[in-house]
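Visitor: Need coordinates for the following:
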Amino acid sequence: MAAMAAGDEHAASEVLRGLTRHLNCLNEDNKATRKRALELIKRETVDKKLSSTVLQEVFSTLLKPLLKCLSDPMERCRETAIATITEFIRCVPKPEESLPYLMPCLAQRLGEKEIKEPAEELRLSAVEMLTLTVEVCGAQLAPYLTEMITMLQRTIVDPFPDVKRESCKCTVNFAKCLPEHFHLQAESLVKPLMQTIAHQHSRVRVSVIEATGAVIQHGTGKNMDDVLSHLAQRLFDDSPQVRKAVTVVVGDWLLHMRDRYSYFHKLIPLLLSSINDEIPEIRLLAADLWRQVGAQWEKENEDDIKDKMDFLLTPPPLYPSGVERPGLGCRELVVRNLGRLVPAITNDVTDWLVPTRVRTSQLLSVLLLHAEDHSTQHLQPLLATLYRACTDSERDVVSNCLAAAKLLGTFIPPAVFLKLMLDHVTAPSSSAYPWAPLMVLAAVLGGCSKPLLKPHLQQIANTLAQPDVCQEYQQVMYLEQLLACVDVLLRQCESDSGLVSLQLLQVLITVQSLSTEPQFSEQLTSFHVFSLPQAMESIRCLCKVQGLDSVMELYRQHMGQLLDWLSASVNTWSSYSPQRLQLHIIVTQSGPVIGEFVNQLMPLLHDCLQPDRDPQMRMTIFTMLAKLLLDAGNTLDSQGHFRNESARFLCDVLLPNLVWHAGRTAAAVRTSALSCVLALLHGGAITPGQLLCMEDKLSPQLLSALEEDSQMGRLLACRSLSTILQLVGSSLNPEALNKIYPELLKRLDDSSEEVRSAALQALGLWLSSLTEDYNPELCAPHLQFLFQQLLLHLDDPDSSVQDQVLEILKKGSSVHPSLLKSEVKAVRAKQRSPLYCDQLLQHISLLPTETTADCLQ
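Guide: So this is what the prediction gives:
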């Protein structure tokens, strides 16, 4: 050994003797000389692969001259000097002997506020040398802690990205090498790391995250709050490698950090957020780390959770299918920290950044899956959070929160959550989003089991059917959520839904009734497309679960109760009341079934159609009734019961609404009532005998209506008179008939061609109604006046009117031919063209002589 040592010493002295001139050249002013000298030194030492002992001896002599060259003005000289020193440190057996000279020099070059090394590549080489020094010297660097921290503070924020990365690598190594000393100044590195964590290069961000992990883990932990917000932001990084680095770092903290128990509530959300990452590798990594964390905690706290480990291994009923139940340790960690996590979730779920809200909503589901029934004690803030999140404009946030709400229904008994939620549905906290509690309720109910939900069906359905719930709001979203609640009850409870069939039908009727409101037609366009067919589908589903063959059967089952439901509030109805729209849906959808309940319907109609009630409401109901009466045999009179009530309906409801009152609104009501009268006459719901008894009351009102300002009113009056003449005209006495035609004649001068045509049609029916009881001689003045007026319009400028008048006169010529003939001759010469008069005279001449003789008798 002594011989070997002597040989190495001799070899070292020989090498140094050969380097003497080169060392002297390092002090020359000529930069080329210095450069050549450095290259030769490197070639004669580290490049020759000398033994480590020889190199150690040589390095101790060359160190100072080489360090001096780190400040050489020539870049190539500095580069060679750094490369040479680096190789010496790598090869010598005792590199720590160089630290007293090396560390102050590096600190001078790298630790100053101003960058002393202008070349980026050389700064990188210098930091790589520092990293190598940490690796080979390890704990020997303890005396130089301050210098190391100072250099790393500067190099971490270096403008050159590769220097940043190498500095982070050096930080990680240094923290691991000197854990017992590093924590003293570790917090000094937090600020520069956080300044660099958002660097544009993803590889730099990854390195910074890894360095941050080491700094916090081997530090005091005081700076955890300064770091967490930055790491949380990196979970939204576009680079999967960055997100993976955060996952690894957080998992490592949860597993190995000394004071990790103090930070569980802050670290758990970060790791669990990665479980929903879009990259499968990161999801699997996060899940594996989380399992390790739970298993470790379970082992460390085995005594505290021994009972749970023995008895709480069975998953709760209705556990989500296809989902692996987290381990007991993982569940306990979440349960014990849930009180701190829920406020943070509440805050972040309304963050201004969409990715934050999406990731937070995903995290909420993960937490509830772990908490299971322990989320009951946090139900109030959880519901408030879900209500706010469901109003988010981002669809992913809403869907994630509804999934979380479904988990509440799975783990929390209905008696518990309904006590809170039904109050929220009845009195929403937000007037802008009253539908939020309904949306969450539908999702929660969707997670419940049928046996647990059945005892509460009545309570839920009664709440939904309350006027304050199903009639208070007309927002499209609100009505859609009402439908969603009904659908989930039908889906979850199936045949048991029959217990609340009436209440569910009331809700569905209310939702549909909105579509009949014209003032909402524009805002409800999308609602019509989606919700109305869905409402009808829900009604059919309600029939199906009860074994009913059709919607008609469903209405037959509940019609009496529905009419009682409406009658209870009929005295308060107005044009804004939803009940009038509900009535419309009920009577139109029930078809012939409504005819079985006329005795209940008529008092309701009588009350809401009195002349002193809201005009707009009366118009709406009259319009609805007109449509039903036109098809009375398949609606109101399907059982023949309405026919028994029709005369009373005409007398007590329709005629009072035909009485003239000033104003356009009153005129509009009369017009709608006239349409109802015409429908009643046309639909066959009133018999000729009943009509004949009512003629003396009805005809005066119709004749008065011929003077209406409304063209439609006059037209409906003309058509109604035509229908009366057609049905009972031959049974009317002459006095009644003679009251009708003068008013009809006035309409021949009407401004509306349609009204004129209807009046002529009525006059034709009037002439056809004359029977043997009508004496032409006694009534000659009436006939003469009628013929004169008609002959006047035989010369009308409108040829269609002339043709219609001619046909009427031909029909009427058989009543009193001689009188008509004389009147025609009297006006023939006065008309613009005698053509129509000649045709009429020719027609009269062809009449049988018996007719003329009969008239003359």
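
Visitor: Val815: neighbouring residues, count only.
Guide: 19 (other Cβ atoms under 10 Å). Where you see a C-beta, it was placed from the backbone N, CA and C, and this is true even at glycine.

Visitor: three-state assignment of it?
Guide: Following DSSP: H, G, I helix; E, B strand; the rest coil, the label given to Val815 is coil.

Visitor: Contacts for the host helix or strand of Thr146 next, please.
Guide: For Thr146, the host element (DSSP states H and E) is helix 145-156. Defining contact as Cβ atoms under 8 Å, 6 or more residues apart in numbering, one finds that helix 145-156 is touched by 103-104, 106-107, 110-113, 123, 127, 130, 134, 141, 163-164, 166-168, 170-171, 174, 178, 181-182, 184-185, 188-189, 192-193, 195-196, 208, 211.

Visitor: Quick check on those residues: which are buried?
Guide: Buried members of the contacts of helix 145-156, counted by 16 or more other Cβ atoms under 10 Å: 103, 106-107, 110-111, 123, 127, 130, 134, 141, 163-164, 166-168, 170-171, 174, 178, 181-182, 185, 188-189, 192-193, 196, 208, 211.

Visitor: quick one: contacts of stretch 645-654?
Guide: Residues contacting stretch 645-654 (Cβ under 8 Å, 6+ apart): 598-599, 602, 605-606, 609, 637, 642, 673, 676-677, 680, 685-687, 690, 693-694, 697-698.

Visitor: out of those residues, which are buried?
Guide: 598, 602, 605, 609, 637, 642, 673, 676-677, 680, 685-686, 690, 694, 698.

Visitor: re the thing from before, what's the average pLDDT for the helix holding Thr146?
Guide: Mean pLDDT, helix 145-156: 90.

Visitor: and what of stretch 440-449?
Guide: 92.

Visitor: One more: stretch 805-815?
Guide: Mean predicted confidence for stretch 805-815 is 83.

Visitor: Okay, buried residues for it please.
Guide: Of the residues in stretch 805-815, Val805, Leu806, Ile808, Leu809, Lys810, Gly812, Ser813, Ser814, Val815 count as buried by neighbour count, 16+ other Cβ under 10 Å.

Visitor: Redo the residues you listed as a markdown table? Include distance to Gln217.
Guide: Output for these, formatted as a markdown table (distance: Cβ to Cβ, whole Å):
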| residue | distance to Gln217 |
| --- | --- |
| Val805 | 108 |
| Leu806 | 110 |
| Ile808 | 108 |
| Leu809 | 113 |
| Lys810 | 113 |
| Gly812 | 113 |
| Ser813 | 117 |
| Ser814 | 117 |
| Val815 | 117 |
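
Visitor: Any regions of the chain where pLDDT drops low?
Guide: Residues of the chain meeting the criterion pLDDT under 70: 1-8, 18, 307-314, 515-532, 849-857.

Visitor: For Ser577, list the residues it contacts.
Guide: Contacts of Ser577 by Cβ under 8 Å, 6+ apart are Ser569, Met617.

Visitor: do the same with the one 3 residues further on
Guide: Shown here is Arg580, whose contacts under the criterion Cβ under 8 Å, 6+ apart are Trp573, Cys608, Met617, Thr620, Ile621.

Visitor: coming back round to it: tabulate the CA atom coordinates of the helix holding Thr146 in CSV.
Guide: What follows is helix 145-156, C-alpha atoms only, in CSV (Å, rounded to 0.1, in the frame of the first residue of the first chain):
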residue,chain,number,x,y,z
LEU,A,145,-26.4,25.7,3.3
THR,A,146,-26.8,29.5,3.0
GLU,A,147,-24.7,29.6,-0.1
MET,A,148,-26.7,26.8,-1.7
ILE,A,149,-30.0,28.4,-0.9
THR,A,150,-28.9,31.8,-2.2
MET,A,151,-27.7,30.3,-5.5
LEU,A,152,-30.9,28.2,-6.0
GLN,A,153,-33.0,31.3,-5.3
ARG,A,154,-31.3,33.1,-8.2
THR,A,155,-31.0,30.2,-10.6
ILE,A,156,-34.6,29.0,-10.2
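
Visitor: I'd like the next helix or strand past that helix.
Guide: Going down the chain from helix 145-156, the next helix or strand is helix 161-177, by DSSP H and E.

Visitor: related to what we said a few turns ago, for Pro776, state which of the buried residues of stretch 805-815 is nearest.
Guide: Val815 (5.7 Å; Cβ to Cβ).

Visitor: So what does the closest one look like in phi/psi?
Guide: Dihedral pair for Val815: phi -70, psi -50, per degrees, to the nearest 10.

Visitor: residue ranges for the helices of the stretch 101-250 of the chain, please.
Guide: Taking DSSP state H, counting those that start in this stretch, the helices of the stretch 101-250 of the chain run over residues 120-137, 145-156, 161-177, 179-182, 190-196, 202-217, 224-234, 240-256.

Visitor: which residue packs closest to Ala759, ignoring adjacent ones?
Guide: Nearest residue to Ala759 in three dimensions, chain neighbours excluded: Arg747, at 3.6 Å (Cβ to Cβ, 6 or more residues apart in numbering).

Visitor: Then Thr171?
Guide: Spatially, and ignoring its direct neighbours in sequence, Thr171 is nearest to Ala211 (4.3 Å; Cβ to Cβ, 6+ apart).

Visitor: any idea how far the one you found is from Ala245?
Guide: 10 Å (Cβ to Cβ, to the nearest Å).

Visitor: Pro315 now?
Guide: Distance from Pro315 to Ala245, by Cβ to Cβ: 34 Å.

Visitor: Leu566 too?
Guide: Leu566 is 66 Å from Ala245, by Cβ to Cβ.

Visitor: swap in Ile209?
Guide: 4 Å.

Visitor: any residues in contact with both of these two?
Guide: The contact sets of Ile209 and Ala245 overlap at Arg234 (Cβ under 8 Å, 6+ apart).

Visitor: of the two, who's got more company?
Guide: Using other Cβ under 10 Å, the more surrounded residue of Ile209 and Ala245 is Ile209, with 27 against 23.

Visitor: Just list the residues touching that one, thanks.
Guide: For Ile209, the contact set (Cβ under 8 Å, 6+ apart) comprises Ile197, Leu231, Arg234, Val242, Ala245, Val246, Val249.

Visitor: of all those residues, which comes closest to Gln784?
Guide: Of the contacts of Ile209, the one sitting nearest to Gln784 (Cβ to Cβ) turns out to be Arg234, at 105.0 Å.

Visitor: how many other residues sit next to the closest one?
Guide: 22.

Visitor: and Ser675, which of the three is it?
Guide: Secondary structure, three-state DSSP: Ser675 is helix.

Visitor: Distance-wise, check it relative to Ile621.
Guide: Ser675 sits 12 Å away from Ile621, going by Cβ to Cβ.

Visitor: now do Asp838
Guide: In terms of Cβ to Cβ, Asp838 sits 54 Å off from Ile621.

Visitor: Looking at these two, which has the bigger crowd around it?
Guide: Ile621 (23 against 12).

Visitor: helices or strands next to the helix or strand harbouring the more buried one in the packing?
Guide: Per DSSP H and E, Ile621 falls inside helix 615-630. Judged by 3 or more Cβ pairs under 8 Å, 6 or more residues apart in numbering; DSSP states H and E, the packing partners of helix 615-630 are helix 578-589, helix 598-608, helix 664-683.

Visitor: could I get those as JSON lines with distance to Val551?
Guide: Converted to JSON lines, the helices and strands packed on helix 615-630 look like this (distance: least, Cβ to Cβ, whole Å):
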{"stretch": "helix 578-589", "distance to Val551": "7"}
{"stretch": "helix 598-608", "distance to Val551": "18"}
{"stretch": "helix 664-683", "distance to Val551": "23"}
